[in-house]
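**Q** A predicted structure for the sequence below; I have some questions about it.
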Amino acid sequence: MESSNWILKHVSILLFFFLTPSFSSTLDHVVTHTKSLHQNFTALSDFRLINRRILKDCSSNYLKINVSSNASLLDEQFVTVTVTGVSKPRDGDWVAMISPSNSNVETCLLNGFHYLQTGDTAQLPLLCHYPVKAQYLSNDPDYLSCKNNECKEEQDGKCSVTTCSGSIKFHVINIRTDIEFVFFTGGFLNPCLVGRSTPLSFANPNKPLYGHLSSIDSTATSMRLTWVSGDKEPQQIQYGDGKTVSSAVTTFSQDDMCSSLVPSPAKDFGWHDPGYIHSAIMTGLSPSTTYSYKYGSNSVGWSEQIKFSTPPSGGSDELKFIAFGDMGKTPLDASKEHYIQPGALSVIKAIANEVDSNNVNSVFHIGDISYATGFLAEWDFFMHLISPVASRVSYMTAIGNHERDYLSSGSVYQTPDSGGECGVPYETYFPMPTSAKDKPWYSIEQASVHFTVISTEHDWSIDSEQYEWMRKDMASVNRQHTPWLIFMAHRPMYTSRRGGFLLIDQNFIKTVEPLLLENKVDLALFGHVHNYERTCSVYQNKCKAMPIKDQKGVDTYNNRNYSAPVHAIIGMAGFTLDELPDDAESWSLKRISEFGYLRAHATKNDLNLEFVTSDTKEVKDSFHITK
């Protein structure tokens, strides 16, 4: 859900409706400044529209673009891009990172209606391929003053032509395809192509990368590892004391992306080849145990040796987990991208510190995962960002609107929020223990907790398959085995935030909330709204019970005398935060608009929860539920 430039975005959505056939490692040194740096490029920025602007030719005989890199790019590095031969530096001079390098960045003579999903109606020709990222050259403080200059021509012993230069750094990760740096003037809204660098290749485009773990069942004796490579041949995981398992390999193509009369970003200018997605299951593990593994093959190379821990098995006593929603990713450089979540970097760094301290058995990310929204290269950047966490503990996910929603695609909400992805990249990159393709609901038990995870983007009506599944799943929980029942979904039932597009669906509440009460759900966790909020024990907008302060002043809910679920919104893990009103309904007990995550510690008798801010690691809200 976007929180800025709301009108412009949804005007474009309305245009889209009427035009469609159916109406239906390197983190530390950049964390401090990243949120303020990227705050204004979260939603519909100028950069999101550059691919549909008139592109003029401003080529220069003097201009050269040099990249400080080896002959081939590493899997991750910062490269310095130096532009020389600029006749007159301007504020609107910028450099784009293009991939693949043979992308057409000159003209794109296509029907203008194809681009209305960007909210742009510029005349043709238009920039054809969307850059992965871009920076203004003025990020070099000496550029506009022409401190670094060079005489190009002399006349009568005097310099008649002087040019200027500037240098900026780009963070580059292995996305398998060649990249090229292209220099434009005229800003993002009136780009004029001046020159391009020589294409650069990655040293090993087949390298196995971005491995992340997930649980496959409640026994904790098996764990799935999923990773990405440019190699289509099966690879292996080597783990434990000499065990080996081979990967199953899959991928997806442009033909798998959703579209309509108006081509989606995923189908058109946002497409990037995902390579091949490998997945394998490590078996014969023990719960709550640490192992090491590496993945790859002798032909394409291996990952580093990584230590990971299995979660506790269902029915055991103690679980420590972290939960959040709406994370996305933040660039590690000063680049602009089509969608930036300014708090993501600080949040994942704070969670990585928790993992380092052995405070985490598993992680739950409940919707709006990468915010790639049809710009497929951004999935790689997201998986790279979370790897310090997801490669070491079980990383479980739920689907959100920005992974699934698209018109005439079967999603409940008929918006283009997924950019045409329609859940395909999400389900390929993050396979969960679901029953079938495009049925992304599941349950899993860890220690004393039964987690019921549903999709708010798929049919949850009373006659639907998902409704029947969640009814049976929650009714079947053995509360002697797993005393706690936690319900997770992306879109919330309660929020104090006002306004917004499809913020609360009363039909969803009317249909699903009775199931929570009937099955005595202890805690319901949601994302979608970008802040933190906690309720009383609430049902049908009324407090059925209030918590009582314990000796330490912590709100305590006594579920020995169950009355209703406690709801918490935890969508504060990266996207620009939503403002909260000073006043609120009586069911709202705590409201915080800061980046952070929910930290939980469950035993058989107590469920202790804390909202932790990512910047200061301060606990801003504590509550616990007792049995």
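**A** Cool, got the structure. A quick note: this is a predicted structure, and the numbers were derived from the prediction, not measured. Numbering: from 1, shown residues only.

**Q** can you give me the helices for this protein?
**A** Assigned by DSSP state H, the helices in the chain fall at 6-19, 28-38, 344-356, 377-390, 401-404, 424-429, 465-475, 506-518.

**Q** now for these, which one comes closest to Leu193?
**A** helix 377-390 (20.8 Å; CB to CB). All C-beta spots, glycine's among them, are computed from the backbone N, C-alpha and C.

**Q** now the closest one against helix 344-356, angle please.
**A** 30 degrees (axes from the mean of the first three to the mean of the last three CA atoms, to 10 degrees).

**Q** which residues are in contact with helix 377-390?
**A** 25, 27, 76, 99, 132, 173-175, 209-213, 228, 272, 274, 327-331, 337-339, 344-345, 348, 351-352, 355, 360, 363, 369-372, 395, 425, 429 (CB atoms under 8 Å, 6 or more residues apart in numbering).

**Q** returning to what we had before: and the helices of the chain: which comes nearest Ile306?
**A** That would be helix 377-390 among the helices of the chain, by CB to CB, at 9.2 Å.

**Q** touching, Trp484 and Glu445? I think so.
**A** No. The pair Trp484 / Glu445 is not scored as a contact, 9.7 Å apart, by CB atoms under 8 Å.

**Q** and the contacts of helix 377-390, which are buried?
**A** Buried by 16 or more other CB atoms under 10 Å: 27, 99, 132, 173-175, 209-213, 228, 272, 274, 327-331, 337-339, 344-345, 348, 351-352, 355, 360, 363, 369-372, 395, 425, 429, out of the contacts of helix 377-390.

**Q** by mean pLDDT, show me the worst of the helices of the chain.
**A** Lowest mean pLDDT within those: helix 6-19, a mean of 35.

**Q** relative to Pro581, which of the helices of the chain is closest?
**A** With CB to CB, the closest approach to Pro581 among the helices of the chain belongs to helix 6-19: 16.7 Å.

**Q** so which of the contacts of helix 377-390 are in strands?
**A** Here DSSP state E is the test, and the contacts of helix 377-390 give Glu76, Ile173, Leu209, Tyr210, Gly211, His212, Leu213, Val228, Val363, Tyr395 as lying in strands.

**Q** nearest to Phe575 among the residues you listed?
**A** Among the ones in strands among the contacts of helix 377-390, Val363 lies closest to Phe575 (CB to CB), at 17.7 Å.

**Q** which residues touch the closest one?
**A** Phe321, Ile322, Ala323, Ile351, Val389, Ala390, Val393, Ser394, Tyr395, Met396.

**Q** quick check: beta-bridge partners of it?
**A** Ile322, Tyr395 (DSSP bridges).

**Q** distance check, it against Phe324.
**A** 8 Å (CB to CB, to the nearest Å).

**Q** please apply the same query to Ile340.
**A** 17 Å.

**Q** got the phi and psi for the residue lying farthest from the centre of the chain?
**A** Distance from the C-alpha centroid of the chain peaks at Asp156, with 59.6 Å (CA atoms, centre = their mean). Backbone torsions for Asp156, taken as degrees, to the nearest 10, come to phi 60, psi 40.

**Q** check what pLDDT it gets.
**A** So, for Asp156, pLDDT stands at 88.

**Q** same thing with Lys243?
**A** 98.

**Q** cool, and Ser222?
**A** 98.

**Q** isn't it right up against Ala280?
**A** No. Counting by CB under 8 Å, Ser222 does not reach Ala280; the two are 10.5 Å apart.

**Q** more neighbours: which of the two?
**A** A count of neighbours by other CB atoms under 10 Å puts Ala280 above the other of Ser222 and Ala280, at 22 against 14.

**Q** does the more buried one touch Val249 like I think?
**A** No. Between Ala280 and Val249 there is no contact under CB under 8 Å: 9.8 Å.

**Q** how much space separates the residue most central in space within the chain from Phe364?
**A** For the chain, the residue nearest the mean C-alpha position is Ser370 (1.7 Å; CA atoms, centre = their mean). Separation of Ser370 from Phe364 (CB to CB) stands at 16 Å.

**Q** number of residues surrounding Arg497?
**A** Using other CB under 10 Å, Arg497 has 24 neighbouring residues.

**Q** if I look at Leu55, what pLDDT would I see?
**A** 67.

**Q** ugh, wrong one, Gly187
**A** 84.

**Q** please apply the same query to Ile216.
**A** 98.

**Q** can you pull the contacts of it?
**A** By CB under 8 Å, 6+ apart, Ile216 lies in contact with Ser222, Met223, Arg224, Ile281, Pro433.

**Q** which one (most neighbours) among those residues?
**A** Met223 (24 neighbours).

**Q** what is the burial count for the nearest residue to it once chain neighbours are set aside?
**A** The shortest distance from Met223 to any non-neighbouring residue, by CB to CB, 6 or more residues apart in numbering, is to Met282 (5.0 Å). Counted by other CB under 10 Å, the residues lying close to Met282 total 23.

**Q** quick check: phi and psi at the nearest residue to Val529 once chain neighbours are set aside.
**A** Once flanking residues are discounted, Val529 sits nearest to Thr495: 4.7 Å by CB to CB, 6+ apart. Per-residue torsions, Thr495: phi -160, psi 140 (degrees, to the nearest 10).

**Q** separation between Thr495 and Ala568?
**A** 11 Å.

**Q** what of Tyr429?
**A** Where Ala568 is concerned, Tyr429 sits at a distance of 27 Å (CB to CB).

**Q** then Glu427?
**A** 26 Å.

**Q** please apply the same query to Glu150.
**A** The gap separating Glu150 from Ala568 is 59 Å, by CB to CB.

**Q** and these two? which has more neighbours close in?
**A** Ala568 (22 against 14).

**Q** what sits against the residue nearest to the more buried one when sequence neighbours are not counted?
**A** Leaving aside its chain neighbours, Ala568 sits nearest to Arg534 (4.9 Å; criterion: CB to CB, 6+ apart). Applying CB under 8 Å, 6+ apart to Arg534 gives the contacts Val566, His567, Ala568, Ser588, Leu589, Lys590, Phe611, Asp621, Phe623.
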